[in-house]
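Undergrad: would you be able to build a 3D model of this:
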Amino acid sequence: MASFIRDLLSVGLSKGGIIFFGLIQNIIIARVLGPELNGVIAALIVYPSLFMIVGSLGVRQSTAYYIAKGTFSEEQIKTAVSQIWILSTVFSLLVTYVLITYFSNSGKDELLVLLAIAPIPFALFNTYNSGVYLGKNEIQSFNKINWLPPLFVLLAVVLFVVIIRFSVAGVLLAKIIGPLIMSLIMLFKNRFIKAFSFHFEFKVIKSLMSLGIVYAIALMVINLNYRIDVILIDKLSTNYATGIYSKGAALIEYMWQIPMLLSTIIFARSANSKNSNLFSYKVCQLLRISIAIIILACIVLAFLAPWIIDLLYGEEFLESGTVLRLLIPGVVLLTIFKVLNMDMAGRGKPWISLKAMVPALLLNMILNIIWIPKYAANGASLASTISYSIAAVLFLFVYSKETGIPVREILGYRMKDFRAIQELAISALKKSKVQNEN
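TA: You can find the predicted model right below:
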């Protein structure tokens, strides 16, 4: 329990850093560039963000899984990963270039397209690297790979957007800097530079990709469900509507950092767990805690939405408050999927998520196509909330069947749930006290 709480606090600080740096970055970009240019940025980066998931081929997850199980040596896995990285980078760059150029209304400027896809090699490299730490359950090192790039991006945004005034190009340039610096650090710190070799580990590559591709397909469907709205607003509405939606959605999606705080640890420990059924009961407890915290946070957020949007982004983005409120029910319910799915992925069963996410994605696309032309950003918000809700309910029953835990036990609160919250709070206070004394 002590090691779990230590990891939890470490991930909490990491997620706090990601939220803080990302939020400040979003505030600066919103206030300097306004809704329309923010819409252009959202449309330009949506395809690269998706294909960094596809391009990763689920290697982080499969790397973590095989390292945790000890199937191959760390050196073998690193060599295989470096070879997969080169191929996946070339594939992702070519595909995203074509998608932005020919399928996005914002893809007419060649320079902006090239800047939008430039972070892909470095982001993929960092993703692959993080799988090694996750598999070894080195949560603190894994966290650094996650929170340092947003810090570097924020500093670059201040330089290129606020000081030099490069506008959209400045934002895209800043988004290259963070992953690039992190890649250079990891290249030497993790001795990954020694992994590049012309000796192909075909057996390891096959194993990583056979499991990894399943992870990648699952992650692609999941993230497409989160991003299809931006893609369709870009095609069916205006840059202004895209900008309004992207800011409202980005703000409410910070709520997912709460279950993601837990899910990082869940994945690492599920992959290493000797008793998967017992661990699943612990995951269900963590789910109940997450839902309670998110509901409270979302009630406050819903009530204060107009004031928060005005304070952070300015009057130009006031319509994002409605987007935020419409998304809240779906975000709360999808917490169920966010937490429980990481247990299944940690068991090496990423395909389980497709049973819920494929029908939810199809519904999301249909509703977006119907509602965006009429209601713009609000239509996309309502479509996403319905889709997220359907995905959550479907996955709840799928997870129950896979684990043998009845739905009422998964969601039913117990006194020990609240004692767990108390233990976490006491542990955090004790750790803070010890650090202050030292």
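Undergrad: low pLDDT regions in this protein?
TA: 1-12, 54-58, 137-143, 190-191, 193, 195, 211-212, 259-276, 346, 417-438 (pLDDT under 70).
Undergrad: which helix runs longest in the protein?
TA: What stands out as the longest helix in the chain, according to DSSP state H, is helix 2-55.
Undergrad: please tell me how far that helix is from the chain's geometric centre.
TA: Relative to its parent chain, helix 2-55 has a centroid offset of 8 Å by CA atoms, centre = their mean, to the nearest Å.
Undergrad: any idea which helix or strand comes after it?
TA: helix 59-69 (DSSP states H and E).
Undergrad: which parts of the stretch 301-438 of the chain are helices?
TA: Secondary structure of the stretch 301-438 of the chain (DSSP state H, counting those that start in this stretch): helices located at 320-346, 354-403, 407-411, 415-437.
Undergrad: the inter-axis angle of the longest one versus helix 320-346?
TA: Taking axes from the mean of the first three to the mean of the last three CA atoms, to 10 degrees, one finds that helix 354-403 is oriented at 50 degrees with respect to helix 320-346.
Undergrad: for helix 354-403, packing partners?
TA: In this structure, helix 354-403 makes packing contacts with helix 202-236, helix 239-253, helix 320-346, helix 407-411, judged by 3 or more CB pairs under 8 Å, 6 or more residues apart in numbering; DSSP states H and E. Glycine gets a C-beta too; all of them are placed from N, C-alpha and C.
Undergrad: quick one: these as a markdown table, columns for distance to residue 18 too.
TA: Shown next, in a markdown table, are these (distance: least, CB to CB, whole Å):
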| stretch | distance to residue 18 |
| --- | --- |
| helix 202-236 | 16 |
| helix 239-253 | 12 |
| helix 320-346 | 15 |
| helix 407-411 | 28 |
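Undergrad: tabulate the ones you listed (CSV), appending mean neighbour count and distance to residue 121.
TA: Listed next are these as CSV, based on neighbours: other CB atoms under 10 Å; distance: least, CB to CB, whole Å:
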stretch, mean neighbour count, distance to residue 121
helix 202-236, 20, 17
helix 239-253, 25, 25
helix 320-346, 24, 25
helix 407-411, 14, 40
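Undergrad: which stretch among the helices of the stretch 301-438 of the chain comes nearest residue 39?
TA: Among those, helix 354-403 comes nearest to residue 39, with 9.7 Å by CB to CB.
Undergrad: so how far is the closest one from its chain's centroid?
TA: How far helix 354-403 lies from its chain's middle: 18 Å, per CA atoms, centre = their mean.
Undergrad: now the angle between helix 239-253 and it, please.
TA: 10 degrees.
Undergrad: use 48 as the first number from now on
TA: From this message on, residue numbering opens at 48, which makes the last subject helix 401-450.
Undergrad: spatially nearest residue to residue 73, not counting backbone neighbours?
TA: residue 297 (5.9 Å; CB to CB, 6 or more residues apart in numbering).
Undergrad: that neighbour and residue 231, how far apart?
TA: Separation of residue 297 from residue 231 (CB to CB, to the nearest Å): 28 Å.
Undergrad: do residue 410 as well
TA: Relative to residue 231, residue 410 is positioned 43 Å away (criterion: CB to CB).
Undergrad: so for the two, which sits in the more crowded spot?
TA: Neighbour totals were compared for residue 410 and residue 231, and residue 410 leads with 17 against 12 (other CB atoms under 10 Å).
Undergrad: residue contacts, the more buried one?
TA: 433-434, 437 (CB atoms under 8 Å, 6 or more residues apart in numbering).
Undergrad: that one and residue 97, how far apart?
TA: From residue 410 across to residue 97, the span is 19 Å (CB to CB).
Undergrad: just residue 201 next, same as before
TA: Going from residue 201 to residue 97 by CB to CB gives 23 Å.
Undergrad: need the helices of the stretch 348-485 of the chain in JSON lines (columns: distance to residue 131).
TA: Below are the helices of the stretch 348-485 of the chain laid out as JSON lines (distance: least, CB to CB, whole Å):
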{"stretch": "helix 367-393", "distance to residue 131": "19"}
{"stretch": "helix 401-450", "distance to residue 131": "22"}
{"stretch": "helix 454-458", "distance to residue 131": "36"}
{"stretch": "helix 462-484", "distance to residue 131": "38"}
